[in-house]
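# Whatever this is, show me its structure:
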Amino acid sequence: MSSAIAVQAGTSPAFSPMRRDAWLLIATFFLWVMTFLSLAPLLGSGGPPQIPQTAAEAVQQIDGHRAGNIIVNIIGNVAFMVGVLPLINIGRQNRTSQSKRLATLSVIAAVAALVVLVFHSYLRGSLSLAYPPNYLPMADRVELYANNTLSNIAMIVWTGAIALTGVSLARQNVLKRTGWVVAVLGVILALLMTVAGFGIPFVPALLSTALGVGLLLRK
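Numbers count the residues shown, from 1 in each chain. Got it, this is the predicted structure:
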């Protein structure tokens, strides 16, 4: 009895953080649903506004919806971080001799996606919090040309990080089937988003959910 308790005590803490990360991976999908639900009232009945030609025009477009835009950005950033941080934690836990390189690459990809998100949030915040012509100079130079591109890059790199995490977990026999399925789908969808030039948050969010459910169901 004592030996069984000792074994259980020795293995449970190692798997507990991964279960916590699994719940976070699942939560990111519902947070993105909240993000898009909070975005709907800003669009109104007329649909998306015309693409602005200057940063000042962009600021004027959101002038009447500053609070709403800030809320959407905050929820979106939280949803992104809730999905990315578990990948970093799982990658750090799985840096074994068998999958050390893959785990390291997954951590690098997740951190890269997070860095892109931070810069993207800076650009969005510079428009949401400033009034023309007092917006931050960086927004005037970069916002109109790079903001959507940065968002797409963040989603694609995030998807790549999930694919690498799936391979790492599969090679470690943590998620034999689910890991490979998520990895293959992640690579295919990341390539499709790259070719289309459009990153969809629900793609990595759904893949994250699949990983999270797989980790929770693991015996």
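# hey, let's count contacts and neighbours off CA atoms from now on
OK.
# just for this protein, where's the confidence low?
Within the chain, the stretches with pLDDT under 70 are 1-16, 39-69, 96-98, 124-147, 219.
# Show me where it has its helices.
Shown for the chain, the helices assigned by DSSP state H span residues 2-43, 55-61, 66-93, 100-129, 137-138, 144-171, 176-196, 202-217.
# now, of those, which is deepest in the fold?
Across the helices of the chain, averaging neighbours per residue (mean count of other CA atoms under 10 Å) puts helix 144-171 on top, at a mean of 24.
# what's the angle between it and helix 202-217?
Relative orientation of helix 144-171 with respect to helix 202-217: 20 degrees, computed using axes from the mean of the first three to the mean of the last three CA atoms, to 10 degrees.
# Give me the angle between helix 144-171 and helix 176-196.
Between helix 144-171 and helix 176-196, the angle formed by their directions is 160 degrees, by the same axes, to 10 degrees.
# which strands and helices sit next to helix 144-171?
Under the contact definition 3 or more CA pairs under 8 Å, 6 or more residues apart in numbering; DSSP states H and E, helix 144-171 sits against helix 66-93, helix 100-129, helix 176-196, helix 202-217.
# how about a cut-off of 7 Å?
Contacting helix 144-171 under the criterion 3 or more CA pairs under 7 Å, 6 or more residues apart in numbering; DSSP states H and E are the following elements: helix 100-129, helix 176-196, helix 202-217.
# Without its sequence neighbours, what residue ends up closest to I26?
The shortest distance from I26 to any non-neighbouring residue, by CA to CA, 6 or more residues apart in numbering, is to T209 (4.2 Å).
# What distance do you get for that neighbour to N94?
Using CA to CA, to the nearest Å, we find T209 at a distance of 19 Å from N94.
# can you check M81 too?
Where N94 is concerned, M81 sits at a distance of 20 Å (CA to CA).
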